[in-house]
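Asks: Sequence isn't available, so here's the structure alone:
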């Protein structure tokens, strides 16, 4: 598998990062390393796109090396703190694009206490109304979920859902890397 990834490494350079993020996660779970040159290009794309879901996914991939993981984790930690600092109007936190960083990295096992405290401070200022209107009740439920539920909006355990078994990669003409030992009805749905 490593030889195959090395041979077709150009895919990581030419493809849209949103389109190949599952391939990167596949590499993580299959314990296959993306060549160094392509990793550098992916990092450049991550900075350009500024998408916390893509950064979180890449953090999972980076676990193949303790040193590289720590490097990426430190970059993400700084980005989290920078994005939280960019939320200026505390009464309209929901309207900030940077709030996605709070949602994705809240309760992540890979962030530091300082970063989690910064996230908690944003969650703490979310308006919790009196609970009279449907919107206030919903807002209160959302804040309670963010504060108290250990499972959040991003699955940090790749092995929990058996990622390799459930993913389908497709070319223009056929599906590849699909485990077809499932029943036919799931095969039809997953190939849509």
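Replies: Arrived safely. The model shown is predicted, which means the values in this text are computed figures rather than measured ones.
Asks: and residue 160, how many residues sit next to it?
Replies: Close neighbours of residue 160, defined as other Cβ atoms under 10 Å, add up to 9. From N, CA and C alone the C-beta is placed, and that goes for glycine too.
Asks: Just to be sure, it is in a strand?
Replies: No: the assignment for residue 160, made by DSSP: H, G, I helix; E, B strand; the rest coil, is coil rather than a strand.
Asks: Tell me the buried residues in the longest helix belonging to the chain?
Replies: The residue-count maximum for a helix in the chain (DSSP state H) belongs to helix 66-85. If you call a residue buried by 16 or more other Cβ atoms under 10 Å, then helix 66-85 has these buried ones: 69, 72, 73, 75, 76, 77, 79, 80, 81, 83, 84.
Asks: what's the domain layout of the protein?
Replies: According to automatic domain parsing, the chain comprises the domains 2-161, 162-192.
Asks: so can I have CSV of those domains showing mean pLDDT?
Replies: As requested, the domains of the chain are exported to CSV (pLDDT from 0 to 100):
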stretch, mean pLDDT
domain 2-161, 92
domain 162-192, 52
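Asks: Please identify the most buried of those.
Replies: Mean neighbour count (mean count of other Cβ atoms under 10 Å) peaks for domain 2-161 among those, with a mean of 15.
Asks: Mind listing residues that contact stretch 30-41?
Replies: 1-2, 5-6, 9, 12-13, 24, 26-27, 42, 61, 64, 164 (Cβ atoms under 8 Å, 6 or more residues apart in numbering).
Asks: one more time with 7 Å, if that's ok
Replies: Applying Cβ atoms under 7 Å, 6 or more residues apart in numbering, the contact partners of stretch 30-41 are 1, 2, 5, 6, 9, 12, 13, 24, 27, 64, 164.
Asks: and the end-to-end length of it?
Replies: Terminal residues of stretch 30-41 are spaced 21 Å apart (Cα to Cα, to the nearest Å).
Asks: Could you do stretch 85-101 as well?
Replies: 11 Å.
Asks: who's in contact with that stretch?
Replies: Contacts of stretch 85-101 with the rest of the structure, by Cβ under 7 Å, 6+ apart, involve 52, 80, 83, 84, 122, 125, 126.
Asks: switch to 6 Å and redo it
Replies: Outside stretch 85-101, the residues within contact range by Cβ atoms under 6 Å, 6 or more residues apart in numbering are 52, 80, 83, 125.
Asks: how much space between the most far-flung residue of the chain relative to its centre and residue 19?
Replies: Distance from the C-alpha centroid of the chain, by Cα atoms, centre = their mean, peaks at residue 132 (34.7 Å). When distance is defined by Cβ to Cβ, to the nearest Å, residue 132 is 45 Å away from residue 19.
Asks: now residue 33
Replies: From residue 33 to residue 19 the distance is 20 Å (Cβ to Cβ).
Asks: Quick one: the strands in the protein, in order.
Replies: Under the criterion DSSP state E, the chain carries strands at the ranges 169-170, 175-176.
Asks: hang on, the earlier thing: wait, which of the contacts of stretch 85-101 is closest to residue 157?
Replies: Distance ranking of those against residue 157, using Cβ to Cβ, places residue 52 first at 17.8 Å.
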